[in-house]
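> When you get a sec, could you give me coordinates for this:
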Amino acid sequence: MSRDTITLTGLRALGFHGVYPDEKRDGQEFVVDVTMRLDLAPAAVSDDVADTVHYGEIAEEVVAVVAGEPVDLIETLAARIAAVVLARPLVDEVTVTVHKPQAPITVPFADAAVTIVRARGER
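The predicted structure is shown next:
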């Protein structure tokens, strides 16, 4: 497996995810970080975007998942995002962090987040 990575940090989108009815009704901003592991050597040699992953397209796909069909858990949302990224044949592994900075927590906090790691061929 390659040690090369492409990282997108702080992707933002309005989503309607959560366990509580008001979260699904009102929505809130979610922030997503994605790190993709892939071999970047071919792209470094060719200087051709066709030999890598177009991170602009990935960003749009991630935002579409966040803005799409609501789920209860950010764990589920992270898994859906990972599946979309791993659909790209060049990506061997992906780390996805979903931040929910306005989570319904009754004490002061800075962030609530879930991070998952998925590799090609894993469930």
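> Contact partners for the nearest residue to T115 once chain neighbours are set aside?
Nearest residue to T115, sequence neighbours excluded (Cβ to Cβ, 6 or more residues apart in numbering): T97, at 4.3 Å. C-beta: built from backbone N, CA, C; applies to glycine. Shown in contact with T97 (Cβ atoms under 8 Å, 6 or more residues apart in numbering): V32, D33, V34, A78, A113, V114, T115.
> Same check on V91?
V91 touches M36, R37, L38, V53, V85, R120, counting by Cβ under 8 Å, 6+ apart.
> One more: A83?
A83 sits next to R118 when contact means Cβ under 8 Å, 6+ apart.
> Tell me if I116 really is in a strand.
Yes. Counting by DSSP: H, G, I helix; E, B strand; the rest coil, I116 is part of a strand.
> Run a quick neighbour tally on it.
16 (other Cβ atoms under 10 Å).
> same check, this time on the one 5 residues further on
By the criterion of other Cβ under 10 Å, G121 has 7 neighbours.
> sec struct for the residue nearest to T115, please.
strand.
> Check the spacing between it and A50 real quick.
28 Å (Cβ to Cβ, to the nearest Å).
> One more: F109?
43 Å.
> Can you tell me, leaving aside adjacent residues, what's nearest to A79?
I116 (6.3 Å).
> And for T95?
T35 (4.4 Å).
> Please confirm that the one you found is located within a strand.
Yes. Assessed by three-state DSSP, T35 belongs to a strand.
> got the contact list for it?
T5, I6, T7, L8, V94, T95.
> Distance of the fourth one relative to I58?
Same thing as L8. The separation that L8 has from I58, given Cβ to Cβ, amounts to 6 Å.
> what about the two, which has more around it?
I58 (21 against 16).
> does the more buried one sit in a helix, a strand or a coil?
Relying on three-state DSSP, one would call I58 helix.
> swap in L77?
Three-state assignment for L77 (three-state DSSP): helix.
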